[in-house]
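What would the 3D arrangement of this be:
(2 chains)
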Amino acid sequence: MSFLIFFLCGVAGGLLGGMGMGGGTALIPLLTVVCGVPQAAAQGVNLAAFLPMSVFALAVHEKNGLLKKEGLLWMIAPALLFSVLFSLLASALPAHALKSGFGVFLVVLSLFEVRSALLPARGKNSAKKVA
Amino acid sequence: MQALSGEIRKKGKFFLGKRKLFLRRRGEGTSSPLFFRPDMKHKAVYLFGGAAVGAANGLFGGGGGMIAVPILKGAGRSARSAHATAIAVILPASAVSALVYLLGGNIPLAVFLPVALGVLSGGFFGAKLLVRVPQRAVTFAFALLMLAAGLRMLFP
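Residues are numbered from 1 along each chain as shown, chains lettered A, B, ... in the order given. The predicted structure follows:
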(Lines give C-alpha, C1' and ligand atoms only; values in the text may rest on other atoms or scores of the structure.)
Protein backbone atom coordinates (compact mmCIF):
# COMPACT_ATOMS: atom_id res chain seq x y z
CA MET A 1 0.00 0.00 0.00
CA SER A 2 2.66 2.46 1.00
CA PHE A 3 4.58 1.27 -2.06
CA LEU A 4 1.67 2.47 -4.24
CA ILE A 5 1.44 5.84 -2.49
CA PHE A 6 5.19 6.41 -2.80
CA PHE A 7 4.94 5.38 -6.45
CA LEU A 8 2.13 7.86 -7.15
CA CYS A 9 4.06 10.66 -5.42
CA GLY A 10 6.93 9.79 -7.76
CA VAL A 11 4.69 9.93 -10.84
CA ALA A 12 3.44 13.41 -9.87
CA GLY A 13 6.97 14.66 -9.28
CA GLY A 14 8.22 13.02 -12.46
CA LEU A 15 5.56 14.66 -14.64
CA LEU A 16 6.57 18.13 -13.42
CA GLY A 17 10.27 17.32 -13.41
CA GLY A 18 10.18 16.07 -16.98
CA MET A 19 8.84 19.46 -17.99
CA GLY A 20 11.83 21.04 -16.21
CA MET A 21 9.57 22.65 -13.66
CA GLY A 22 11.24 21.51 -10.48
CA GLY A 23 9.32 18.34 -9.78
CA GLY A 24 11.45 17.99 -6.67
CA THR A 25 9.79 20.95 -5.04
CA ALA A 26 6.52 19.04 -5.46
CA LEU A 27 7.83 15.61 -4.53
CA ILE A 28 9.50 16.61 -1.25
CA PRO A 29 6.41 18.14 0.43
CA LEU A 30 4.33 15.23 -0.93
CA LEU A 31 6.68 12.80 0.81
CA THR A 32 6.91 14.73 4.09
CA VAL A 33 3.37 16.13 4.48
CA VAL A 34 1.38 13.27 2.91
CA CYS A 35 3.57 10.24 3.61
CA GLY A 36 5.34 11.33 6.80
CA VAL A 37 8.87 10.75 5.51
CA PRO A 38 11.51 12.71 7.48
CA GLN A 39 12.65 15.91 5.74
CA ALA A 40 16.29 14.92 5.13
CA ALA A 41 15.25 11.49 3.81
CA ALA A 42 12.65 13.05 1.50
CA GLN A 43 15.36 15.34 0.14
CA GLY A 44 17.82 12.50 -0.35
CA VAL A 45 15.20 10.33 -2.08
CA ASN A 46 14.21 13.23 -4.30
CA LEU A 47 17.79 13.88 -5.39
CA ALA A 48 18.47 10.22 -6.15
CA ALA A 49 15.08 9.43 -7.72
CA PHE A 50 15.46 12.18 -10.30
CA LEU A 51 18.89 11.01 -11.49
CA PRO A 52 17.78 8.24 -13.90
CA MET A 53 14.78 10.33 -14.98
CA SER A 54 16.99 13.35 -15.69
CA VAL A 55 19.24 11.30 -17.94
CA PHE A 56 16.24 10.19 -20.01
CA ALA A 57 14.61 13.62 -19.97
CA LEU A 58 17.87 15.17 -21.11
CA ALA A 59 18.07 12.71 -24.00
CA VAL A 60 14.49 13.52 -25.06
CA HIS A 61 15.16 17.27 -24.89
CA GLU A 62 18.37 16.84 -26.88
CA LYS A 63 16.42 14.94 -29.52
CA ASN A 64 13.85 17.75 -29.61
CA GLY A 65 16.66 20.26 -30.12
CA LEU A 66 15.87 22.15 -26.93
CA LEU A 67 19.34 21.95 -25.37
CA LYS A 68 21.64 24.99 -25.60
CA LYS A 69 24.89 24.25 -23.84
CA GLU A 70 27.28 27.11 -24.68
CA GLY A 71 28.99 28.59 -21.64
CA LEU A 72 27.26 26.10 -19.38
CA LEU A 73 30.45 24.81 -17.73
CA TRP A 74 30.77 28.21 -16.03
CA MET A 75 27.55 27.38 -14.27
CA ILE A 76 28.09 23.67 -13.64
CA ALA A 77 31.48 24.04 -11.89
CA PRO A 78 30.31 26.31 -9.02
CA ALA A 79 27.07 24.32 -8.83
CA LEU A 80 29.05 21.15 -8.11
CA LEU A 81 31.19 22.78 -5.42
CA PHE A 82 28.25 24.35 -3.59
CA SER A 83 26.21 21.16 -3.92
CA VAL A 84 28.75 19.26 -1.84
CA LEU A 85 29.11 22.00 0.80
CA PHE A 86 25.38 22.56 1.30
CA SER A 87 24.51 18.86 1.20
CA LEU A 88 26.89 18.41 4.13
CA LEU A 89 25.19 21.35 5.87
CA ALA A 90 21.77 19.75 5.30
CA SER A 91 22.78 16.55 7.07
CA ALA A 92 24.28 18.57 9.95
CA LEU A 93 21.16 20.71 10.54
CA PRO A 94 18.44 19.61 13.02
CA ALA A 95 15.32 18.19 11.32
CA HIS A 96 12.90 20.97 12.30
CA ALA A 97 15.27 23.70 11.11
CA LEU A 98 15.64 21.97 7.75
CA LYS A 99 11.87 21.60 7.40
CA SER A 100 11.14 25.26 8.23
CA GLY A 101 13.93 26.36 5.93
CA PHE A 102 12.44 24.28 3.15
CA GLY A 103 9.00 25.79 3.82
CA VAL A 104 10.41 29.30 3.42
CA PHE A 105 12.28 28.24 0.27
CA LEU A 106 9.06 26.84 -1.18
CA VAL A 107 7.02 29.97 -0.43
CA VAL A 108 9.68 32.28 -1.91
CA LEU A 109 10.05 30.13 -5.03
CA SER A 110 6.30 29.94 -5.57
CA LEU A 111 5.90 33.72 -5.28
CA PHE A 112 8.61 34.18 -7.89
CA GLU A 113 6.89 31.65 -10.11
CA VAL A 114 3.53 33.40 -9.77
CA ARG A 115 5.19 36.69 -10.65
CA SER A 116 6.91 35.30 -13.73
CA ALA A 117 3.69 33.59 -14.83
CA LEU A 118 1.71 36.83 -14.57
CA LEU A 119 4.27 39.20 -16.08
CA PRO A 120 4.92 39.09 -19.83
CA ALA A 121 8.27 37.47 -20.66
CA ARG A 122 10.48 40.54 -20.39
CA GLY A 123 13.70 39.02 -21.75
CA LYS A 124 11.97 37.76 -24.85
CA ASN A 125 10.36 41.11 -25.65
CA SER A 126 13.53 43.16 -25.27
CA ALA A 127 15.36 40.65 -27.44
CA LYS A 128 12.76 41.11 -30.13
CA LYS A 129 13.19 44.85 -29.98
CA VAL A 130 16.98 44.66 -30.20
CA ALA A 131 16.96 42.36 -33.18
CA MET B 1 12.10 39.78 -35.74
CA GLN B 2 8.39 39.31 -35.18
CA ALA B 3 8.14 37.36 -38.40
CA LEU B 4 11.35 35.55 -37.57
CA SER B 5 10.16 34.35 -34.19
CA GLY B 6 6.94 33.25 -35.84
CA GLU B 7 9.00 31.22 -38.23
CA ILE B 8 11.03 29.78 -35.37
CA ARG B 9 7.87 28.85 -33.56
CA LYS B 10 6.44 27.21 -36.65
CA LYS B 11 9.51 25.09 -37.26
CA GLY B 12 9.68 24.54 -33.50
CA LYS B 13 12.13 21.83 -32.63
CA PHE B 14 14.77 22.45 -35.23
CA PHE B 15 15.24 26.19 -35.07
CA LEU B 16 14.84 26.56 -31.33
CA GLY B 17 18.10 24.67 -30.84
CA LYS B 18 19.91 26.43 -33.68
CA ARG B 19 18.50 29.89 -33.17
CA LYS B 20 21.91 31.48 -32.77
CA LEU B 21 23.25 29.98 -35.95
CA PHE B 22 20.09 30.87 -37.81
CA LEU B 23 20.25 34.53 -36.77
CA ARG B 24 23.95 34.75 -37.66
CA ARG B 25 23.25 33.42 -41.11
CA ARG B 26 20.67 36.15 -41.64
CA GLY B 27 23.19 38.74 -40.44
CA GLU B 28 21.12 39.72 -37.41
CA GLY B 29 23.22 38.13 -34.70
CA THR B 30 25.71 40.96 -34.58
CA SER B 31 23.03 43.51 -33.74
CA SER B 32 22.30 41.91 -30.35
CA PRO B 33 25.64 41.38 -28.57
CA LEU B 34 23.89 40.95 -25.22
CA PHE B 35 22.26 37.89 -26.58
CA PHE B 36 25.10 36.02 -28.18
CA ARG B 37 28.54 37.34 -27.28
CA PRO B 38 29.79 35.77 -24.04
CA ASP B 39 31.44 38.43 -21.89
CA MET B 40 32.60 38.93 -18.29
CA LYS B 41 29.16 39.91 -17.06
CA HIS B 42 27.74 36.82 -18.61
CA LYS B 43 30.34 34.62 -16.94
CA ALA B 44 29.72 36.26 -13.55
CA VAL B 45 26.00 35.59 -13.85
CA TYR B 46 26.72 31.95 -14.67
CA LEU B 47 29.22 31.60 -11.78
CA PHE B 48 27.00 33.14 -9.10
CA GLY B 49 23.91 31.53 -10.55
CA GLY B 50 25.58 28.13 -10.54
CA ALA B 51 26.66 28.64 -6.92
CA ALA B 52 23.08 29.53 -5.92
CA VAL B 53 21.73 26.51 -7.79
CA GLY B 54 24.19 24.18 -6.06
CA ALA B 55 23.58 25.69 -2.62
CA ALA B 56 19.78 25.51 -2.81
CA ASN B 57 19.75 22.12 -4.49
CA GLY B 58 22.14 20.68 -1.92
CA LEU B 59 20.56 22.22 1.17
CA PHE B 60 16.93 21.60 0.23
CA GLY B 61 17.42 18.51 -1.92
CA GLY B 62 15.74 20.04 -4.94
CA GLY B 63 14.45 23.19 -6.54
CA GLY B 64 17.74 24.06 -8.19
CA GLY B 65 16.00 23.98 -11.54
CA MET B 66 13.67 26.77 -10.54
CA ILE B 67 16.71 28.98 -9.99
CA ALA B 68 18.58 27.75 -13.06
CA VAL B 69 15.68 28.36 -15.46
CA PRO B 70 15.40 32.17 -15.00
CA ILE B 71 19.21 32.48 -15.15
CA LEU B 72 19.34 30.57 -18.42
CA LYS B 73 16.45 32.62 -19.75
CA GLY B 74 18.34 35.78 -18.82
CA ALA B 75 21.32 34.45 -20.75
CA GLY B 76 19.19 34.48 -23.89
CA ARG B 77 17.55 31.08 -24.07
CA SER B 78 13.90 30.66 -24.90
CA ALA B 79 11.65 29.51 -22.05
CA ARG B 80 11.47 25.96 -23.33
CA SER B 81 15.16 25.75 -24.10
CA ALA B 82 15.96 27.14 -20.62
CA HIS B 83 13.76 24.51 -18.99
CA ALA B 84 15.50 21.75 -20.93
CA THR B 85 19.03 23.09 -20.48
CA ALA B 86 18.50 23.53 -16.72
CA ILE B 87 18.48 19.74 -16.43
CA ALA B 88 22.05 19.67 -17.75
CA VAL B 89 23.07 21.79 -14.74
CA ILE B 90 20.86 20.05 -12.17
CA LEU B 91 21.86 16.52 -13.14
CA PRO B 92 25.56 16.69 -12.11
CA ALA B 93 24.73 18.89 -9.09
CA SER B 94 22.08 16.45 -7.89
CA ALA B 95 24.40 13.48 -8.47
CA VAL B 96 27.09 14.75 -6.09
CA SER B 97 24.44 15.88 -3.57
CA ALA B 98 22.76 12.48 -3.69
CA LEU B 99 26.13 10.87 -2.97
CA VAL B 100 26.54 13.03 0.16
CA TYR B 101 22.98 12.22 1.29
CA LEU B 102 23.57 8.51 0.63
CA LEU B 103 26.74 8.48 2.72
CA GLY B 104 24.82 10.29 5.47
CA GLY B 105 22.20 7.51 5.49
CA ASN B 106 19.49 9.77 4.13
CA ILE B 107 18.28 7.67 1.20
CA PRO B 108 16.04 4.88 2.62
CA LEU B 109 15.67 2.14 0.01
CA ALA B 110 12.00 1.37 0.88
CA VAL B 111 11.05 4.92 -0.14
CA PHE B 112 13.58 5.35 -2.91
CA LEU B 113 12.57 2.34 -5.03
CA PRO B 114 8.83 3.12 -5.51
CA VAL B 115 9.46 6.84 -5.86
CA ALA B 116 12.21 6.33 -8.44
CA LEU B 117 9.96 4.04 -10.49
CA GLY B 118 7.17 6.62 -10.32
CA VAL B 119 9.45 9.49 -11.26
CA LEU B 120 10.81 7.54 -14.20
CA SER B 121 7.37 6.80 -15.65
CA GLY B 122 6.03 10.28 -14.92
CA GLY B 123 9.17 11.86 -16.35
CA PHE B 124 8.77 10.28 -19.77
CA PHE B 125 5.35 11.85 -20.21
CA GLY B 126 6.49 15.15 -18.73
CA ALA B 127 9.35 15.46 -21.20
CA LYS B 128 6.99 14.73 -24.08
CA LEU B 129 4.41 17.19 -22.79
CA LEU B 130 6.97 20.02 -22.62
CA VAL B 131 6.76 20.66 -26.36
CA ARG B 132 2.95 20.71 -26.29
CA VAL B 133 1.73 22.10 -22.98
CA PRO B 134 0.68 25.75 -22.34
CA GLN B 135 3.74 26.65 -20.28
CA ARG B 136 2.35 29.66 -18.48
CA ALA B 137 -0.87 28.09 -17.30
CA VAL B 138 0.95 25.05 -15.96
CA THR B 139 3.57 27.21 -14.26
CA PHE B 140 0.90 29.29 -12.59
CA ALA B 141 -1.12 26.32 -11.35
CA PHE B 142 2.03 24.64 -10.10
CA ALA B 143 3.18 27.80 -8.29
CA LEU B 144 -0.10 28.03 -6.39
CA LEU B 145 0.24 24.38 -5.40
CA MET B 146 3.78 25.04 -4.18
CA LEU B 147 2.68 28.05 -2.19
CA ALA B 148 0.05 25.95 -0.43
CA ALA B 149 2.59 23.21 0.30
CA GLY B 150 5.14 25.72 1.62
CA LEU B 151 2.63 27.37 3.95
CA ARG B 152 1.51 23.96 5.16
CA MET B 153 5.10 23.12 6.09
CA LEU B 154 5.61 26.41 7.92
CA PHE B 155 2.27 26.28 9.77
CA PRO B 156 1.34 22.61 10.19
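
Now the element after the host helix or strand of B:Gly50, going C-ward?
In this structure, B:Gly50 sits in helix B:40-60 according to DSSP states H and E. Following helix B:40-60 in sequence order, the next helix or strand is helix B:64-74 (DSSP H and E).

report the longest helix in chain B, please.
Secondary structure of chain B per DSSP state H: the longest helix is helix B:79-103.

Give the rounded mean pLDDT of that one.
Summarised as a single mean, pLDDT over helix B:79-103 is 92.

Let me know whether that helix sits next to chain A.
Yes - counting by Cβ under 8 Å from any Cβ of the partner chain, contacts between helix B:79-103 and chain A involve B:79-98, B:100-102. (Glycine included, C-beta is placed from N, CA and C.)

moving C-terminal of that helix, what's the next helix or strand?
Assigned by DSSP H and E, the successor of helix B:79-103 is helix B:109-129.

Tell me how many other residues crowd the residue nearest to A:Leu88 when sequence neighbours are not counted.
Spatially, and ignoring its direct neighbours in sequence, A:Leu88 is nearest to B:Val100 (6.0 Å; Cβ to Cβ, 6 or more residues apart in numbering or on different chains). With neighbours defined by other Cβ atoms under 10 Å in any protein chain shown, the count for B:Val100 comes to 21.

Please apply the same query to the one 5 residues further on.
When neighbours are defined as other Cβ under 10 Å, B:Gly105 has 11 of them.

From chain A, how far out is it?
8 Å (Cβ to the nearest Cβ, to the nearest Å).

Sketch out the low-pLDDT regions of chain A for me.
A:1, A:18-23, A:120-131 (pLDDT under 70).

run the last query once more with 90
For chain A, the stretches with pLDDT under 90 are A:1-2, A:12-26, A:30, A:33-34, A:50, A:52-72, A:109-110, A:112-131.

any idea how far the residue nearest to A:Leu98 when sequence neighbours are not counted lies from A:Leu27?
Leaving out its chain neighbours, the residue that sits closest to A:Leu98 by Cβ to Cβ, 6+ apart is A:Gln39, at 4.9 Å. Taking Cβ to Cβ, to the nearest Å as the measure, A:Gln39 falls 13 Å from A:Leu27.

likewise B:Met66?
To A:Leu27, B:Met66 is 13 Å away according to Cβ to Cβ.

ditto for A:Leu47
From A:Leu47 across to A:Leu27, the span is 10 Å (Cβ to Cβ).

Repeat that for B:Ser81.
On the measure of Cβ to Cβ, B:Ser81 and A:Leu27 end up 24 Å apart.

Looks like the residue nearest to A:Leu88 contacts A:Ser91 (just checking).
Yes - taking Cβ atoms under 8 Å as the definition, B:Val100 is a contact partner of A:Ser91 at 7.0 Å.

re earlier: more neighbours, B:Ser81 and A:Leu27?
More crowded of B:Ser81 and A:Leu27, by other Cβ under 10 Å: A:Leu27, with 30 against 22.

What helix or strand is the more buried one located in?
Residue-wise, A:Leu27 maps onto helix A:24-29 under DSSP H and E.

Now do that helix: which elements does it pack against?
Using 3 or more Cβ pairs under 8 Å, 6 or more residues apart in numbering or on different chains; DSSP states H and E as the contact test, the elements touching helix A:24-29 are helix A:2-18, helix A:39-63, helix A:95-118, helix B:135-154.

In CSV, list those along with mean neighbour count.
Formatted as CSV, these follow (neighbours: other Cβ atoms under 10 Å in any protein chain shown):
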stretch, mean neighbour count
helix A:2-18, 22
helix A:39-63, 24
helix A:95-118, 17
helix B:135-154, 18
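
ok, back up a step: show me what counts as buried in the longest helix of chain B.
Residues of helix B:79-103 classed as buried by neighbour count (16 or more other Cβ atoms under 10 Å in any protein chain shown): B:79-101.

Counting by contacts, list what that helix packs against.
Judged by 3+ Cβ pairs under 8 Å, 6+ apart, helix B:79-103 is in contact with helix A:39-63, helix A:73-92, helix B:13-17, helix B:40-60, helix B:64-74, helix B:135-154.

Check the gap between A:Asn64 and chain B for me.
According to Cβ to the nearest Cβ, A:Asn64 and chain B sit 5 Å apart.

tally of neighbours for that residue?
Look at A:Asn64: counted by other Cβ under 10 Å, it has 20 neighbours.

pLDDT of stretch B:107-117, averaged?
95.
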